[in-house]
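In: My questions are about this predicted structure, shown below with the sequence.
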Amino acid sequence: MSTFLLEIVTPEHVVFTQEVKSLSVRGIEGELGILPGHIPFVTPLQVAPVVIKTEGKTIRVAVHGGFVEVQSDKVIILAESAELPEEIDVERAVAARERAERRLSVNQDRIDHRRAELALQRAITRISVSDKAKH
């Protein structure tokens with residue numbers, strides 16, 4: 001089976017670069033599966049796990065917004081931030097989830113509500129990607 005080069009980059013550093021067999025991301029229109037030879041496109045990403053399939057291995061990366069650009073032989077994810085499972089502090093993510101849930105439970109203005117929703121999405125993504133989380 002053929003592969004393509006996947007690069008996940010943030011403003012701070014390159015998070016991941018490797019030949020992969022497939023990729024699953026959550027764009028603004030929903031889940032997208034990318035295989036070698038996929039038609040080129042660019043789309044914004046939601047805060048959600050990215051699932052990467054390599055030779056005999058599945059890797060999950062917490063991606064917190066950004067864009068995915070699919071080229072003929074390469075895919076680039078330009079993320080606001082991204083974390084590999086071993087980089088995630090699960091206890092901190094659980095505490096952040098609890099704070100966001102508390103903020104969402106009180107009546108507040110739209111801007112604060114949206115910020116709390118995004119914080120909750122980031123925390124849930126981190127927890128689901130973490131290899132230390134108890135699923």
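Out: Right, received. Where do you want to start? All of these numbers come straight from a predicted model, not from anything done at the bench.
In: Please make it C-alpha for all contacts and neighbour counts, starting now.
Out: Noted.
In: So Leu45: helix, strand or coil?
Out: Under DSSP: H, G, I helix; E, B strand; the rest coil, Leu45 falls in the strand class.
In: residues contacting it?
Out: Val25, Arg26, Gly27, Ile28, Gly65, Gly66, Phe67, Val68 (Cα atoms under 8 Å, 6 or more residues apart in numbering).
In: where do the helices sit along this structure?
Out: Counting by DSSP state H, the segments of the chain that form helices are 90-105, 110-129.
In: buried stuff in stretch 33-45?
Out: For stretch 33-45, a neighbour-count test (16 or more other Cα atoms under 10 Å) marks Ile34, Leu35, Pro36, Pro44, Leu45 as buried.
In: Closest one to Glu101 out of those residues, please.
Out: Of all these, Glu101 sits closest to Leu45, with 22.8 Å by Cα to Cα.
In: Local confidence estimate at that closest one?
Out: Looking at Leu45, its pLDDT is 94.
In: can you check Glu86 too?
Out: Glu86 is given a pLDDT of 83.
In: quick one: low-confidence ranges for the chain?
Out: Per-residue confidence for the chain (pLDDT under 70) gives these ranges: 1, 107-111, 131-135.
In: 90 instead?
Out: 1, 28-29, 55-56, 64-65, 72-73, 81, 83-135 (pLDDT under 90).
In: can you pull the contacts of the closest residue to Ile124 other than its chain neighbours?
Out: Closest residue to Ile124 apart from its sequence neighbours, by Cα to Cα, 6 or more residues apart in numbering: Arg97 at 6.7 Å. Counting by Cα under 8 Å, 6+ apart, Arg97 makes contact with Ala119, Leu120, Ala123, Ile124.
In: Mind splitting the chain into its structural domains?
Out: With domains defined by the TED database, the chain comprises 4-85, 89-134.
In: Just give me the closest of the contacts of Arg97 to Val20.
Out: Closest approach to Val20 among the contacts of Arg97 (Cα to Cα): Ile124, at 25.3 Å.
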